[in-house]
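1. Quick one: sequence and predicted model below, then my questions.
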Amino acid sequence: MNRLSRIWSLGRHHTSPVVNVVKLQGIISPSDGVRGPAASRLLNLDRAEKWLTKAFDKRLSPVAVALCINSPGGAPGQTEQLFRFIRSLAERSPNIPVFSFIEDVAASGGYWLACAGDKIYGLETSLVGSIGVIAPSFGAVELIKKLGIERRVHTAGEAKAMLDPFRPEQPAEVERLEELLQGLHSSFKGAILDRRRATLDQNSPDLFSGRAWTGQQGLQLGLIDGIQDMHTFMREKFGPHTRFMLCSERRSTGLAALLGGRMLLGGGGIEAAAYASAAGFAKALADEATARTMLARYGL
């Protein structure tokens, strides 16, 4: 390539539209007390604030911000904080449109985050929706009796030991819990309606039931605006030379992430592949355990 061609190529590259990309992935939860690789699988405002601020930085001249979402939900408070922060940035930058792209799942709080986008797109195989609140627990009254354990709880305030799993459920306490859940569900529905009222099929009796839907079903219900992936959509909208700048940190994967970043394998081949497969399986089990713990704890 001669000098003039290089200059022309650099100039064209420089003027190519830029889409700033933020990956919002993982269980939505505060990371207090969580360290190492497990912390990188949690999503909260403390982690994402710098990513989102960079994505909306006007000095980078983005033509759009793309939120790539892969989350089953989590803590209601963290979800609302993230949603409000994204919307505040978007409102201060009205010339930068925000698009949400659902990858595997945007359920419950993950779908609430997706609604921070001006438009939402997913894949046919994505899972979307699950607009509901859950508060799972357990009862171990008979177990501690068999073990000969006496439960002792002292409180100042009659509701401080509400729904203690080591004593029988009280109807009045269950009623108070249901009031809390209805209040959280109302806030969740309100946020969704505020952003999606014009597109949602509000005649569907199951829309706010907590059910999850495929991307195709979500499109019919108005939960998403189309079936599309980020790269194809953005290049169709802004041109084939559109570039993508990742503003969030890359998630660690594989054996290095599982073992806290220490690389133990020196070579490749069958042995390395076997280790990688085992690590992937172990990571999947760890992710599942973390997901169940966090959803049981927070329930959105």
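-> Arrived safely.
2. Wait, a strand at residue 16?
-> No. Using DSSP: H, G, I helix; E, B strand; the rest coil, the secondary structure at residue 16 is coil, not a strand.
3. Quick check: closest non-adjacent residue to it.
-> Leaving aside its chain neighbours, residue 16 sits nearest to residue 241 (4.3 Å; criterion: C-beta to C-beta, 6 or more residues apart in numbering). For every residue, glycine as well, the C-beta is placed using N, CA and C.
4. Could you give the number of residues near that neighbour?
-> Neighbour count of residue 241, defined by other C-beta atoms under 10 Å: 11.
5. Equivalent analysis for the one 4 residues further on, please.
-> Counted with other C-beta under 10 Å, the burial measure for residue 245 works out to 13 neighbours.
6. Quick check: it vs residue 20, distance?
-> 5 Å (C-beta to C-beta, to the nearest Å).
7. Can you check which residues contact both of the two?
-> 60, 62 (C-beta atoms under 8 Å, 6 or more residues apart in numbering).
8. Dihedrals phi and psi, the residue nearest to residue 16?
-> With angles defined as degrees, to the nearest 10, residue 241 sits at phi -100, psi 10.
9. what pLDDT does it get?
-> Per-residue pLDDT puts residue 241 at 93.
10. What's the first helix or strand after the longest strand along the chain?
-> For the chain, the longest strand by residue count, based on DSSP state E, is strand 98-107. Using DSSP states H and E, the helix or strand that follows strand 98-107 in sequence is helix 109-114.
11. Tell me which strands the helix or strand following that next one pairs with, and in which orientation.
-> Using DSSP H and E, the helix or strand that follows helix 109-114 in sequence is strand 119-122. Strand 119-122 pairs in its sheet with strand 98-107 (parallel), strand 226-227 (parallel), by DSSP bridges.
12. Contacts for strand 119-122 next, please.
-> Residues from elsewhere that reach strand 119-122 (C-beta under 8 Å, 6+ apart): 97, 99-102, 106, 114, 128, 215, 218-219, 223-230, 233.
13. List the buried residues in it.
-> Residues 119-122 are the ones in strand 119-122 that count as buried (16 or more other C-beta atoms under 10 Å).
14. Compare the strands paired with strand 119-122 and give me the one nearest residue 68.
-> Closest approach to residue 68 among those is made by strand 98-107 (5.1 Å; C-beta to C-beta).
15. Need the contact partners of the closest one.
-> By C-beta under 8 Å, 6+ apart, the residues outside strand 98-107 that reach it are 25, 64-73, 86, 90, 113-123, 125-130, 212, 215, 224, 228-230, 233-234.
16. With stretch 235-251 instead?
-> 12-13, 16-25, 40-41, 48, 51-52, 54-55, 60, 62-64, 66, 230-231, 234, 257.
17. Write the ChimeraX selection for whichever of these are buried.
-> To isolate the buried ones among these in ChimeraX, judged by 16+ other C-beta under 10 Å, type:
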select :17,18,19,20,21,22,23,24,25,40,41,48,51,52,54,55,62,63,64,66,230,234,257
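18. Flag the shaky bits of the stretch 101-250 of the chain, pLDDT-wise.
-> Applying pLDDT under 70 to the stretch 101-250 of the chain flags the ranges 134-137, 141, 157, 160-164, 166, 250.
19. can you pull out the helices in it?
-> Assigned by DSSP state H, counting those that start in this stretch, the stretch 101-250 of the chain shows helices spanning 109-114, 141-146, 171-196, 215-221, 230-238.
20. Out of these, which is the most enclosed?
-> Most buried of the helices of the stretch 101-250 of the chain by mean neighbour count (mean count of other C-beta atoms under 10 Å) is helix 109-114; its value is a mean of 29.
21. so what does it touch, helix or strand wise?
-> Secondary-structure packing of helix 109-114 (3 or more C-beta pairs under 8 Å, 6 or more residues apart in numbering; DSSP states H and E): strand 27-28, strand 64-71, helix 76-92, strand 98-107, strand 127-129, helix 171-196.
22. Throw those into CSV and include distance to residue 158, thanks.
-> Below are the helices and strands packed on helix 109-114 laid out as CSV (distance: least, C-beta to C-beta, whole Å):
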stretch, distance to residue 158
strand 27-28, 32
strand 64-71, 37
helix 76-92, 25
strand 98-107, 36
strand 127-129, 38
helix 171-196, 10
